[in-house]
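Trainee: Predicted coordinates and the sequence they were generated for:
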Amino acid sequence: MIVLYVLAGLVLVLIVLMLVAPKGAKLERAIVANVSPEQAFQSLRSLKNFDEWSPWNNRDPNQIRGYKGKEGELGSIAWWKGNKEVGEGEQEVKLLDPNSYIETELRFQKTFQGCEQVLLADHPRRKWNQSDLGF
């Protein structure tokens, strides 16, 4: 009988946690770069430049990557196909506001599926933030 009460209590706790827990997550990082907003924007608008610093490339050095569209312009796309850890997907430039704002959309097709928005923005103290990467 005690086991039944313990199990019922655990189920009740899990239900309460499911009701009050956040439904998503937000990841936000900032970096102070000693470059002008123009230099930062020119570098960040290029999806090919992401390959130079993306930690995901180290997780599968054999992944296949490619690009579609005009580099650094609206609608340009970077795509990848990798191992189980990296998966398969693409990232598309959706909005460009010169020297202040870049919005891309990440679309994951394999390993896990989903579509996430990535915002890169210049803040008053010259910080370019990457934010709103939800899961």
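Mentor: Arrived safely, thanks for sending. Since this is a predicted model, take the numbers as computed values, not measurements. Residues are numbered from 1 along each chain as shown.

Trainee: Please identify the helix or strand for K84.
Mentor: Assigned by DSSP states H and E, K84 falls within no helix or strand.

Trainee: Model confidence score at the spatially closest residue to R65 that is not a sequence neighbour, please.
Mentor: Counting by Cβ to Cβ, 6 or more residues apart in numbering, W80 is the residue found nearest to R65 once chain neighbours are left out, at 4.8 Å. The way it works is simple: take the backbone N, C-alpha and C, and place the C-beta from them, glycine included. On pLDDT, W80 comes in at 93.

Trainee: Same check on N129?
Mentor: We have a pLDDT of 48 for N129.

Trainee: so what's the residue nearest to R65 bridging to?
Mentor: Taking DSSP bridges as the rule, W80 bridges to R65, G89.

Trainee: ok, now which ones touch it?
Mentor: Contact partners of W80, counting by Cβ atoms under 8 Å, 6 or more residues apart in numbering, are Q63, I64, R65, G66, V86, E88, G89, E90.
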